[in-house]
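In: Provided below are the primary sequence and the corresponding predicted coordinates.
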Amino acid sequence: MKEKNNDDYFEKQNPSILRSIGGLFTFSTILPLNIYTTIDEMAKMTWFWPVLNGIVGLIAAIIAFILCRFAHLDGLVIGAIIYGFLLIINGYNHFDGLMDFGDGVMVHGDPEKKLRIMKDPMTGVGGIATGFIVGTITIALYSSLIDYSYMISPDFILLIIVAEIAAKIGLTTCCITSKAGKEGIGKYFIKYMNIKNYIVGLIICLIIASLLSMRIGSQIGILGIIGGAFGGALTALIAKRHLKIANGDVLGTSNELGRLFSLLAMLIAISMHFSVLI
């Protein structure tokens, strides 16, 4: 039987918003939903991706709550488990993009050379170091968040959901501020993002984040979304300088940096807000 190529993953189906959303969720996670659609129909819902990713964040938050409430594990252990879970459920796709991006940015040469390096299946020291730095900082941030949930309130665990929403806000921000390359799946997400849809998605996410963080300070959740957008914009800026364009690896990087800066922004706000209590 002839092996199917990657493009066959996107099977032609009767288009609908629900199918497009389901196809996007199937594409971006390892959950066995088995809902497929064309890449164009799926990419049209890119603006909704942050809201959809809140489901992944909810699962991670439930795991964190169980480990805190019943296992009473150290915050660092729980942070590592949560981060590992998020990498696995996303099929390592975004983390793989982060490492490829690290290789491309660190090599000397013109954009064409950097893009060739990013496509190389072998990971160099730039990619390994970038993955280690981002991963270590992210685990440390989760650890601090869990410590606050022990010291003050379990409600801090809900900020894990905010961070996952913000991770995809980072991705959509990168889409809206980047020029697409000529190859790869990433170009479709950039193509179908527009400023109107971006603003609608951003407003929805700000409202959700505000509600999730209401009991500990709604501004904390809002800052988390802003932090995610900053991470995506920073990724786009670096990509423009080194690559001129954005591809799937760049978008994956924006997801990882969006999460990191979201957690960082929220923890700075928490530290300032609750320093008197602690």
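Out: Thanks, I have it.

In: In the protein, what residue spans correspond to helices?
Out: Secondary structure of the chain by DSSP state H: the helices cover 17-28, 39-43, 49-66, 75-89, 93-106, 111-119, 125-151, 159-176, 186-191, 195-212, 218-242, 248-274.

In: Please identify the most buried of those helices.
Out: Among these, ranked by average contacts under mean count of other CB atoms under 10 Å, first place goes to helix 159-176 (a mean of 30). C-betas here are computed from N, CA, C, even on glycine.

In: want to throw the helices of the chain into TSV with mean pLDDT?
Out: Listed next are the helices of the chain as TSV, based on pLDDT from 0 to 100:
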stretch	mean pLDDT
helix 17-28	90
helix 39-43	91
helix 49-66	97
helix 75-89	98
helix 93-106	96
helix 111-119	95
helix 125-151	97
helix 159-176	98
helix 186-191	95
helix 195-212	97
helix 218-242	97
helix 248-274	95
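
In: mind checking the end-to-end distance for stretch 104-121?
Out: Start-to-end span of stretch 104-121 (CA to CA, to the nearest Å) is 12 Å.

In: ok, residues contacting it?
Out: 100-101, 103, 124-126, 129-130, 181, 238, 242-245, 247, 249 (CB atoms under 8 Å, 6 or more residues apart in numbering).

In: Kindly indicate which of these lies nearest Leu67.
Out: Thr130 (28.0 Å; CB to CB).

In: Tell me who's in contact with the nearest residue to that closest one once chain neighbours are set aside.
Out: Nearest non-adjacent residue to Thr130, counting by CB to CB, 6 or more residues apart in numbering: Gly102, 2.8 Å away. Neighbouring residues of Gly102 by CB under 8 Å, 6+ apart: 126-131.

In: how about TSV for those residues, with distance to Asp40 added?
Out: Output for the contacts of Gly102, formatted as TSV (distance: CB to CB, whole Å):
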residue	distance to Asp40
Gly126	34
Gly127	31
Ile128	35
Ala129	37
Thr130	32
Gly131	31
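
In: Looking at those, which is nearest Leu18?
Out: Gly131 (35.1 Å).

In: Go ahead and confirm that closest one touches Gly97.
Out: No. Gly131 is beyond contact range of Gly97, at 10.3 Å (criterion: CB atoms under 8 Å).

In: List the contacts of Thr177.
Out: The contact partners of Thr177, taken as CB under 8 Å, 6+ apart, are 232-233, 236-237.

In: change it to 10 Å
Out: By CB atoms under 10 Å, 6 or more residues apart in numbering, Thr177 lies in contact with 190, 193, 198, 229, 232-233, 235-237, 239-240, 246, 254.
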